[in-house]
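# pasting the sequence and the predicted model now:
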Amino acid sequence: MDIWDLRNWELVALTDTKLGTSNTLGTHNRTRPNWTILSRGRVALALNERWSEAWQHSNLPIHTDGNGQQCRMMLVHIPCFQRLGLAIIITYAPSSNASPEDHTTYYTNLEALIAKVRPRFTLLIAGDFNAEVGTRSPETGNALGPHGPSHRTNRGLHLCQFCNEHGLAVANTWTPQRTKATWRTAHLEEWTPYTDHNPVEMTIKLAPPKGIFGHRKLPPRPATYKGRGKSQQAIALRMQYHHAITNKLQTNTPCQTWDEIASLLTTTSAEVFGFTEAQGGKPWFAGRQTEIKRLNSQVSTAKHNLIVCTQVARDQPHNPEAQHQLHIAKQSLHTAKRVKRRLFTQWERDYWHTIGQQAEDAETRGDTYALYSLFSKLKVRKANSTRSSLRTVSRNPFAEAESWKDHFSKIQNGAVPVADRVWDSEQQGFRRNRGVDDVLQVSRRIAEEICSSRGTDNVKLTLYDIEKAYPRINREALWSLLQKRGAPSPFLQVCKALHNHTQFHIKLDGVLSHNYEADRGLKEGCPSSPPLFNLYHQAVLHDFRARRKRSATAAGLTPGIQWKIFVDGKLTRRRRAYQAQTNSKVHLFGDLEFADDTATIATEAEFPAADRLLEQTFTDWGEKLNRTKTETLLLKPGTPPDQRRDPPQAHTFVRHVGGILSDTGAQWRDTLHRCMQARRRAKEIAKAWSTSTHRGRGDTSRVKLLARLRVMRSVIQPTLTSFGRPRPWTRAQIGALQTAQNYALQRVFGLDRLALHELHITNEQLHNAALWPPIRTVLMRQTLRWLGHVCRMQIHRLPKLALFGTWIQNTSSPIRSHNHLIWIHTTLTEANIHPMDFFRLAQNTDVTKWEQLIKRAFPQPRLTPAAARTLNHWRSGRPLPDHRHLRFRQTRNTWHTPASRVPANACPVCLEQFPTLQALQHHYRLTHAITDPALTTFSSYQCSECRKTFTTPHARLNHECRILYAIPDADDTDLFAWKLYTDGSFNPHVPQNAGWGVAVYRGDDPADAHCLCELYAPVCLDREDQRFLGAEQASNNTGELSAIAEALLWLRDECPGPAGVPAEIVYDSKYAADLTLGVTEPHANQDLAQQCHLLYRQISRSRPLSLKWVKGHSNTPGNDKADDLANMGRRFLITTHSRRWAAPKQNALTKVNAETELWETKERRISHEKVQKRRGTF
């Protein structure tokens, strides 16, 4: 049994035993596991405690061959999960010198025993068959195990035939002994001494018996949890417990040991609070066993009746009475199951409703422990997602818990609009569309700009680490902070219930300590911990910035470095242009945040005070800096760039969230680290298929070449390019990365330099055969994706400020060119994108168009099945296949003019020719440039009606607004009612296009009257657009919902006349109307449906509002008109009868009024002319 415990076996089959004819033996040991041995004749089965308990609860008989003491086989059934189970046959075959009749009788008895195996039980036959199957026989397709003799005997052939007839797999278990004195297996592992047989180990994964040995049986414990909280029952139980303990201590003899004290407390608490109840099954079934048994009996009776009627109908196929009875039996079974299902659902709803009432009562009386206990019950339940508000589901505790969970998920993932109201712009962690690349973009640009400038101040970039970030949070300060930030009371109650009353224990040398409750810190692994910590740490940094600003102002210093930004679509400009004051802004970079990773940026003179203030601020808020992990990088202006030939230790560097920053601002250290990691991983992967092969390069590997290529590429390319999107690349650095990729590709093909030279194969041929793109193409593709992402950012985003700006001391001529801007310009040129027009192209709201442009510039070829087969059949010495002809099918370019086709001094958009470059730039800025104040730093001027933006006051003054209302003045006409026809349009062949249309009529006009207002536009899918309503995809349903929502918005914001005039909305989609009325739940586009419902409830309070259905395409004039308008919106045409849709996509107001500034300019010019006339110089 030593080997049983050592190997953690659970079932052991024993043969050639003499333990008794029908015995059940057991072992009893306090220090070792107990075993139960079932013996029948010459075979036996040993079960550990778990399987023994499962077998004893089953009460299933043991079947044998009936030979008494000479019994050679037994069948044991052990039930597992639900109706599944394990059937084990222990057998001991006759010896090799037995007669053929004995062998025939043995297999006959074995077949009879197999026939007794219960349905849905997994059959396992274990024992000694005295047969040699043979490991190398071609007929043994299902033989398992590499050990044993290579030949097959007649008895082995008979065993294989028997297994094939009964669908069994042979496990070759015969292992020859090397030396009779050592008794080791073929793996040289000592099993047990003094035996002439080797144990055979087999692992089978089965579900354990439900409710039998899932948990250990523990002695009952007192239910002390009943005395916690602020309820009247808990207070009464605590008082009773106090009196009982006092009386026993006064009447009984004093306790002398701690064990006596513990025993006294346990018995007293058990008398007062009672014992904990066994928790098994679903809680809403408690006390309903009689009803459940009755329902199960009804279902069983109906099922049995159905089986009988089915058999009768089969026997009498032409008897109508039998068919009628079969139909009645099916309906009876369906009714019984439906009644059972509905009752179970009703019990569950009542249970959660009761829990919800208890939660509301606990929240009312401020019982945080009761609230914590109730939420502990709610969190184990898995429910469907809900989009309802928290106030509307307060009676449904499960929906409320899911709503809070969704709320925390939105904050953690940075979902709009929750996170934008919570986080600072400096915080890049746990936010949507933000990550490591955003922080590295800023730090790398700062290092590059400072080191390449001719400034006078040295800058220190310091990276700090917080020691034990979550456990050191001051909860009381966090709750006070949330309350000051305007968090509602239910939100605070839930946060406190999640993190207060948390019990901890310590495990040391396998011994657990007593539970204790921590008075500070957040719970590790809770979804609410990251956003709560970020809020707390954000407040800490707010305090630090305020202290730092006061200290720097008093010392006459700047708390950080000043960064001058020009976001106008240009990457490079003349150095003197940075000295201009218009169309620019200045940002102060003082610190960077990525979750708990904090970095400060300070000049050398201001750094000591900033470092001291940061440590003091952390100490005041309960946080602690880990000085052992704090790293500082000194950036000196005018530092020459490091070269590849320089040793890595020659330059100081630091690691910053996945990247390496050097004190020279260059990226050689990061490049060499990537190359070394790629080579190391290439070696590790290649060893999996190249061990003990020719030259160690996998010539005899069984792994297919295509599989090796895919595995190696999925590892090597991310290693070389991860976190490399926001950094520049030089030609030498790309060459180093390409060398590492070439090495990985050589290992895949099993070639080295000597083999390449002998076979006259180049690295380019290897890339063409494997269809691996050059590393330069991969880097350019990633750079373009990152550039488009940065261009679409808002103007306050730090990566955008870093990319389109420079250090304020770097406005003079730098000592060397900017590698990042040169790399981006080279990438645009390679992609055939005009450098003047890239910013406008990247702003396309349909991101797939920018992605199509990248794919067109750098196509990604794919292997065809025929090419893959050819590649798999390649062997060393054969010519390599050339797959350069495999390319994507070329598509037409309908929205972008390639840069190679644009003549010199011609507009890349309209191809208009200009005599000078200045004239071209002026034309592009006035006509095509992006002037959104939320995206650029242009001085913009807006029309107050249509919100169109202009770059000069003269263009604004000459603007003719296109807002044209066809609605008559409501004051001049008597309006009895409004009638609005709505419809949506969608083309399945163009899945990105969907439109909506609304036709407005007077309610008292005939149906064929003139339409007063025509509203139409495409369905808005851009979340950054101020006109976005929540549509997630373009479809007919989103078009119908958008039409109703736009009609409601028009009635609320732009409808003329009195607000109490009745309105009627005519629709042809009942699904959209049901979502608007809130009578059904949406399957998709929940935000859009909720917005429609809220608008309907809001407008119905201010005016009489009704909805009417008409059949679509039924020659109704108003509905046909709305359908035509929706088709116009599907073609991306926009109405001119709405201020909401006439305005371009913008999210900010103008800086100054164009007319006022132009009038002031004219006044100044007239005054200047008058002064000149008086002086006689005009």
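It's in. A quick note: this is a predicted structure, and the numbers were derived from the prediction, not measured.

# tell me which residues touch A1073, please.
I1044, Y1067, L1107, W1109 (C-beta atoms under 8 Å, 6 or more residues apart in numbering). (C-beta placed from N, C-alpha, C; glycine too.)

# filter those to the buried ones?
I1044, Y1067, L1107 (16 or more other C-beta atoms under 10 Å).

# helices of the stretch 101-250 of the chain, start to end?
Along the stretch 101-250 of the chain, counting by DSSP state H, counting those that start in this stretch, helices occupy 154-165, 232-251.

# L86: which of those is closest?
With C-beta to C-beta as the criterion, L86 lies closest to helix 154-165 of the helices of the stretch 101-250 of the chain, at 18.6 Å.

# buried ones in that closest one, by neighbour count?
For helix 154-165, by 16+ other C-beta under 10 Å, it's R155, G156, L157, L159, C160, F162, C163.

# in CSV, list the residues you listed along with pLDDT.
Shown next, in CSV, are the buried residues of helix 154-165 (pLDDT from 0 to 100):
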residue, pLDDT
R155, 83
G156, 81
L157, 82
L159, 83
C160, 81
F162, 85
C163, 83
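
# what ranges do the strands span in the stretch 601-750 of the chain?
631-635, 653-656, 659-662 (DSSP state E, counting those that start in this stretch).

# got the domain boundaries for this protein?
If you go by automatic domain parsing, the domain ranges for the chain are 2-165, 224-273, 289-365, 428-470+530-662, 668-901, 978-1142.

# start to end distance for the longest one?
Distance across domain 668-901, first residue to last, is 37 Å (C-alpha to C-alpha, to the nearest Å).

# now that domain: average pLDDT?
The average pLDDT for domain 668-901 rounds to 83.

# if we can go back for a sec, so which of the strands of the stretch 601-750 of the chain is the most surrounded?
Of all these, strand 659-662 has the most neighbours on average by mean count of other C-beta atoms under 10 Å, namely a mean of 24.

# what lines up beside that one in the sheet?
strand 653-656 (antiparallel) (DSSP bridges).

# hmm, who's touching the strand it pairs with?
439-440, 443, 461, 463, 597, 599, 631-633, 660-663, 669.

# residues contacting stretch 1089-1100, please?
387-388, 1029-1030, 1041, 1044-1045, 1048-1049, 1051-1052, 1063, 1072, 1075-1078, 1082, 1105.

# now, of the residues you listed, which are buried?
Buried, going by 16+ other C-beta under 10 Å: 388, 1029-1030, 1041, 1044-1045, 1048-1049, 1051, 1063, 1072, 1075-1076, 1082, 1105, out of these.

# which one of the buried ones among the contacts of A1073 sits closest to L779?
Nearest to L779 among these, with distances taken as C-beta to C-beta, is I1044, at 48.1 Å.

# helix or strand: which one has that closest one?
Element membership of I1044, judged by DSSP states H and E, is helix 1036-1053.

# since we're on G127, how many residues are nearby?
22 (other C-beta atoms under 10 Å).

# I854 and V778 touch, don't they?
No - contact criterion C-beta atoms under 8 Å: I854 and V778 do not qualify, at 11.6 Å.
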